[in-house]
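Visitor: got a predicted model here, sequence first, then my questions.
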Amino acid sequence: MGEFLRSFGDFFVSAFSQFGVRDAIDILVIAFLLYRVLKWSLNTRTFQLLRGLAVLLIITSLTQILNLTVIAWVLNQIIRAGAIAIIVIFQPELRRGLEQIGRSKMFARTSQQDEKKILHTVNEITIAMKHMSEQRIGALIIIEQRTGLADIIATGTSIKGKVSASLIENIFVPNTPLHDGATIIHDDEILAAGCFLPLSDTNEISRRLGTRHRAAIGVSEVSDCCAFVVSEETGVISAAQNGKLNRYLDEKKIREMLYDLFTSESEAGKGGKSLLNLFKTMFGRKQDDPS
């Protein structure tokens, strides 16, 4: 036992004696990627898959250690065939994960909106939702972010008008051609109305909620948008983001959420600039950033 511990200690001493900066970077990158994968997959069926794979790999390792040749061979064949099956079955989840990587703030562009324009847009949308809530008028409003919704916009009627409370309320007047679909807003412009959204297939949605809520959750699962819903039965205002529904929003909360949504891109731009300045400092570049 003592000899084993000495050999084990010698191995670690030898390994750490050759440990360098590249090895540290290598470990940190892998740790970060594993953290992001686990965080993204948490509370999704992908997480259940990863847990099942971990159990399968542990069992396979045990069969090899115990020299159970036949079982080990069967499990290895299942793992090899399962790799292709996973790509096919979990294609939507894989696509969603790549989209989340692609819309990281590192790649975001700086927004050209100024504070006054943002506050005006937030105010108009908030007023419209408040009025529709009081009158029990159903509505579904999508705030587009960095993930484009061109395929969804194509299903509706092009508007391309400046955001105003009166225009939003007129779109959702009952029994008008566009009131049943979703209205897409980007920056201070209403892009389209009467749009069809993908419905969520999750079983966690309450049966008391209607198609609007399921559509709001569905579109938030496949993009980084925020979908606001006004219930025509209760007047309750809800918001779906990242596949999660937040209900019973008051006017203050709506304003806060909208403000965060419309300023997210400009904040991302500031973050990118700060990162650039950090690299300049690290590499000794003293001159000011011309941008």
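Guide: It's in.

Visitor: average model confidence for stretch 227-243?
Guide: For stretch 227-243, the mean per-residue pLDDT is 95.

Visitor: same deal with stretch 188-208?
Guide: 89.

Visitor: ok, now stretch 20-36?
Guide: What stretch 20-36 shows for mean pLDDT is 81.

Visitor: can you give me the buried ones in stretch 249-265?
Guide: Leu249, Ile254, Arg255, Met257, Leu258, Tyr259, Leu261, Phe262, Thr263, Ser264, Glu265 (16 or more other CB atoms under 10 Å). Glycine gets a C-beta too; all of them are placed from N, C-alpha and C.

Visitor: show me which of the residues you listed is closest to Val74.
Guide: Ser264 (49.6 Å; CB to CB).

Visitor: quick check: the closest one is in a helix.
Guide: Yes. Ser264: assigned to a helix according to DSSP: H, G, I helix; E, B strand; the rest coil.

Visitor: what sits against it?
Guide: Gln145 (CB atoms under 8 Å, 6 or more residues apart in numbering).

Visitor: what about it, distance to Gln145?
Guide: Distance of Ser264 to Gln145, computed by CB to CB, to the nearest Å: 7 Å.

Visitor: before we move on, the earlier item: and of the buried residues of stretch 249-265, the nearest to Thr155?
Guide: Nearest to Thr155 out of those is Leu261 (CB to CB; 22.3 Å).

Visitor: pretty sure that closest one contacts Ile141?
Guide: No. Taking contacts as CB atoms under 8 Å, Leu261 lies outside contact range of Ile141: 11.3 Å.

Visitor: ok so, going back, need the worst-confidence member of the buried residues of stretch 249-265.
Guide: Glu265 (51).

Visitor: what about Ile79, how many residues close to it?
Guide: Applying other CB atoms under 10 Å, we find 13 residues neighbouring Ile79.

Visitor: that one - that's part of a strand, no?
Guide: No. Ile79 is assigned helix when assessed by three-state DSSP, not a strand.

Visitor: can you tell me the helix or strand for Arg146?
Guide: Using DSSP states H and E, Arg146 sits in no helix or strand.

Visitor: and it, how far from Gly181?
Guide: 23 Å.

Visitor: how about Val219?
Guide: 12 Å.

Visitor: Lys244 too?
Guide: Taking CB to CB, one finds Lys244 at 23 Å from Gly181.

Visitor: one more: Thr63?
Guide: 55 Å.
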